[in-house]
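In: Kindly return the folded structure for what I paste below:
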Amino acid sequence: MPTIPVNRLQPGMFISLESLGWMEHPFLLNRFRIANAQQIQTLHQMGLGSVEWDPQRSTTKPLPEAPTSAVEEEADFTAGALDALLDNKRDRVLRVRETRESIARCARLFEQETGSIRQILGELGPRPSEAHTQSRVLVDRLVGGLIRASSVAVHLVNLKKSETGLPNHAMNVMVLSLLIGKSIGLSEEEMNHLGLGAMLHDAGLPDIPARVVRNPNRTTAEEQFYRTHIGRGLNAVAGMKQLPVTIKNIIACHHEHWDGSGYPNGLSGTKIPRLARIVAIANRYDNLCNPLDGKTALMPAEAVARMFKLEGAAYDPELLSAFVKALGVYPPGTFVMLSDGSYGLVIESSSRDLLRPLLMLYDASVPRNEALLLDMKEADEKITSTLPPKDIPREVIAYLAPQGRVDFYLEGRG
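Out: Next up, the predicted model:
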């Protein structure tokens, strides 16, 4: 990029401070579009004579060259102000480090809980009592933190390896179902039943051959066979003698549709048990975001739009609205573009401020494991649009979402 004197800068010009290093300047990003005169003043305070700028990403042209004239040198009183900005930057770094540690903790918990679900599903037949006990412990732990929380953060989990099996699906559906349950004020008992039913909703799927499960164009006979996973699921949990009917109904009815077009019983409206209606929404959302054929995956925002606009008749409208509201305008896993042209990935949304999520930013000069995290509540830039992966450079996808999956974890706060 060409360089330009600092005294020719004005708001709207896109500049780069990469040559300095991120900790050597007080700005949030190495590359950014100048938003106001105060930022230019800060560059003066740093003693910079010139900076790199990108004409193509700038929305305005440089100021004309000022005539040179002999001016009496004035005493410099800016050091204190610049030090304060750098101190603020260091405080922000500490907050980012804490956020990064929180995200890593959620990823560890997700993998731990998913491993537990894998074990639970494997023990349904030989050791149903142990499976029931373990599943209740897992759900109680998740629900307990949510019930006591004043707000909920939904985290995107970036796993080290791509897992597409049933445990990951069960975990995602459970987390998303509990998100809806929390948002509509379910009691602790209802939340526990919801979580356990969501975890077990596809317990019969392992009995269906993979060639049938993974076939997007099943014959009529194959589709009928696939639908037997519901009855097989009820058989799989039959050994859990103390399992409430409420939970069994989730397994039985999570493919029923509000308009009566679902199966196995063609139930409609409020005849479908309420908790099963919740799981139906969570199940469909995860299947759209994480299909068995990754080429057909939808971005979270696309999945929400499809369910709401094209498939809305299949779901309880009040519960679907609650789900959309709980996820926010920018669901975790959504690619966005900022007003300065930067690419970002939503990695956390909070019920406290759904319009300003936490982003991971693409910056090729920063190693991925140290990728910049931007809390939009502290940013001058704005999110201008969401982007489908096909409209994003491959190197950006590889940096922000190398596994191509959308997995979730909930964290109660306050």
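In: Put the alpha carbons of stretch 40-48 into CSV.
Out: Output of stretch 40-48 as CSV, limited to C-alpha atoms (Å, rounded to 0.1, in the frame of the first residue of the first chain):
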residue,chain,number,x,y,z
ILE,A,40,-6.1,11.5,13.4
GLN,A,41,-5.0,13.5,16.4
THR,A,42,-3.9,10.3,18.1
LEU,A,43,-1.7,9.5,15.1
HIS,A,44,-0.1,12.9,15.4
GLN,A,45,0.4,12.2,19.1
MET,A,46,2.2,9.0,18.3
GLY,A,47,4.8,11.0,16.3
LEU,A,48,4.0,9.3,13.0
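In: Poorly predicted segments of this structure, please.
Out: Scanning the chain for pLDDT under 70 picks out the ranges 66-89, 92, 159-164.
In: Could you tell me which helix of it is the longest one?
Out: helix 79-123 (DSSP state H).
In: can you give me the helices in the stretch 151-300 of the chain?
Out: 166-183, 188-200, 210-213, 220-227, 229-236, 245-253, 274-289, 300-305 (DSSP state H, counting those that start in this stretch).
In: nearest to Q10, of those helices?
Out: Nearest to Q10, of all the helices of the stretch 151-300 of the chain, is helix 300-305, at 34.4 Å by CB to CB. C-beta coordinates here come from the backbone N, C-alpha and C atoms, glycine included.
In: Now do the closest one: which elements does it pack against?
Out: If you count contacts as 3 or more CB pairs under 8 Å, 6 or more residues apart in numbering; DSSP states H and E, helix 300-305 packs onto helix 274-289, helix 317-327.
In: at 7 Å instead, please
Out: helix 274-289 (3 or more CB pairs under 7 Å, 6 or more residues apart in numbering; DSSP states H and E).
In: still on that earlier bit, kindly reformat the helices of the stretch 151-300 of the chain as TSV containing distance to E381.
Out: Converted to TSV, those look like this (distance: least, CB to CB, whole Å):
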stretch	distance to E381
helix 166-183	28
helix 188-200	37
helix 210-213	43
helix 220-227	47
helix 229-236	47
helix 245-253	43
helix 274-289	26
helix 300-305	19
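In: Nearest to L43, out of these?
Out: helix 300-305 (36.0 Å).
In: Out of the helices of the stretch 151-300 of the chain, the one nearest D140 is which?
Out: Going by CB to CB, the one of these nearest D140 is helix 188-200, 6.5 Å.
In: what angle separates the closest one from helix 166-183?
Out: On the basis of axes from the mean of the first three to the mean of the last three CA atoms, to 10 degrees, helix 188-200 is oriented at 160 degrees to helix 166-183.
In: Could you check the angle helix 188-200 makes with helix 79-123?
Out: 70 degrees.
In: what's helix 188-200 in contact with?
Out: 117, 135-136, 139-140, 142-143, 146-147, 170, 173-174, 177-178, 181, 186, 237, 244, 246-247, 250-251, 275, 278-279, 282 (CB atoms under 7 Å, 6 or more residues apart in numbering).
In: returning to that earlier point: from the chain's centre, how far out is the longest helix of the chain? Work that out for me.
Out: 14 Å (CA atoms, centre = their mean, to the nearest Å).
In: Which neighbouring elements make contact with that helix?
Out: helix 37-45, helix 128-147, strand 151-157, helix 166-183, strand 373-375, strand 407-413.
In: The fifth one - contacts with which helices or strands?
Out: Going back to what we said before, that points to strand 373-375. Counting by 3+ CB pairs under 7 Å, 6+ apart, strand 373-375 packs on helix 79-123, strand 358-361.
In: right, so those: which one is the most enclosed?
Out: strand 358-361 (a mean of 24; mean count of other CB atoms under 10 Å).
In: Give me the sheet partners of it and which way each runs.
Out: Looking at strand 358-361 with DSSP bridges, its partner strands are strand 343-350 (antiparallel), strand 373-375 (antiparallel).
In: Could you say which of those strands is packed most deeply?
Out: Using mean count of other CB under 10 Å, strand 343-350 ranks as the most buried of the strands paired with strand 358-361, with a mean of 24.
In: Could I get the helices and strands packed on helix 79-123 in TSV, plus columns for distance to S339?
Out: Shown next, in TSV, are those (distance: least, CB to CB, whole Å):
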stretch	distance to S339
helix 37-45	14
helix 128-147	34
strand 151-157	22
helix 166-183	29
strand 373-375	12
strand 407-413	27
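In: Point out the most buried one among the ones you listed.
Out: The highest mean neighbour count among the helices and strands packed on helix 79-123, using mean count of other CB under 10 Å, belongs to helix 166-183: a mean of 24.
In: In CSV: the helices and strands packed on strand 373-375, plus distance to N192.
Out: Below are those laid out as CSV (distance: least, CB to CB, whole Å):
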stretch, distance to N192
helix 79-123, 15
strand 358-361, 29
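In: Cool, thanks, talk later.
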